[in-house]
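Novice: Give the three-dimensional model of this entry:
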Amino acid sequence: MQADEIEALFTRGDGSYLCARWGRPQAPVVFGVDDATLSVVKGAFEAVARLAGIEIAETDPELGANLMVFFFRDWAELPEVPNMDRLVPELGPLVARLEAAEANQYRFFRFDTEGGIKAAFVFLRMDAHLSAVPAETLALSQAVQTILLWSDRAFTETSPLAATQGGATLLKPEIAQVIRAAYDPVLPVAATDPAHVLRVAARIGATQ
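Specialist: Residues are numbered from 1 along each chain as shown. Just a heads-up that it's a prediction; the model follows:
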């Protein structure tokens, strides 16, 4: 990918640049699915974590679980989850906005003192559209979109995934390269200067 293409992945709607990665191992937990789907979801998150070079842990010493994925049928179910209002600020107004927009997914991040990701919450309202997506595809998409703090516009037009001729769904190679480069240990866990793009691009170029 060219530098301008990488920059677009982390330039938000207000024009600001922000790239952040996990600063600790992920400790995922999944709610609202059967055992078979649970295995698929956790497998996808583990695969993307391996790509980034971060560990999957049983628990996070500060939060217990720091990557929570919720599957449900209606946004009204969210406020009924115990202590959810403590995890997600202004939960009531958020649910109202999501209902009004007829949204079927939402991701919320929390950050450490260095700006790195320390927790992520993924909410998936299984409407007709998401219910028609294979579990493997849906899980991989969410894993990719939580491994880094991408722009709010990064994947609105194009998916980070691609289908093979055999029908399998895989992460696009160019997105995989960006993930690996962004997790290079010499790069900061968070960056707000667009010059960060040049360092990411240099690491991609070095691996080709």
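
Novice: Find the helix or strand that the most centrally placed residue in the chain is a member of.
Specialist: Nearest to the geometric centre of the chain sits T146, at 1.3 Å (Cα atoms, centre = their mean). Using DSSP states H and E, T146 maps to helix 135-147.

Novice: just checking, what packs against the top helix by length along the chain?
Specialist: The longest helix of the chain (DSSP state H) is helix 35-52. For helix 35-52, the helices and strands in contact under the criterion 3 or more Cβ pairs under 8 Å, 6 or more residues apart in numbering; DSSP states H and E are strand 28-31, strand 67-72, helix 135-147, helix 173-182. Placement of C-beta: from N, CA and C, glycine included.

Novice: Keeping just the C-alphas, turn it into PDB.
Specialist: This file holds the C-alpha atoms of helix 35-52, laid out as PDB (Å, rounded to 0.1, in the frame of the first residue of the first chain):
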ATOM      1  CA  ASP A  35     -20.400 -23.400  21.700                       C
ATOM      2  CA  ALA A  36     -19.800 -23.900  17.900                       C
ATOM      3  CA  THR A  37     -20.000 -20.200  17.100                       C
ATOM      4  CA  LEU A  38     -18.000 -19.400  20.200                       C
ATOM      5  CA  SER A  39     -15.100 -21.500  18.900                       C
ATOM      6  CA  VAL A  40     -15.300 -19.800  15.500                       C
ATOM      7  CA  VAL A  41     -15.300 -16.300  17.000                       C
ATOM      8  CA  LYS A  42     -12.400 -17.000  19.400                       C
ATOM      9  CA  GLY A  43     -10.400 -18.700  16.600                       C
ATOM     10  CA  ALA A  44     -10.700 -15.600  14.400                       C
ATOM     11  CA  PHE A  45      -9.500 -13.300  17.200                       C
ATOM     12  CA  GLU A  46      -6.600 -15.600  18.000                       C
ATOM     13  CA  ALA A  47      -5.600 -15.700  14.300                       C
ATOM     14  CA  VAL A  48      -5.500 -11.900  14.000                       C
ATOM     15  CA  ALA A  49      -3.700 -11.600  17.300                       C
ATOM     16  CA  ARG A  50      -1.000 -14.000  16.000                       C
ATOM     17  CA  LEU A  51      -0.700 -11.900  12.900                       C
ATOM     18  CA  ALA A  52      -0.100  -8.800  15.000                       C
END
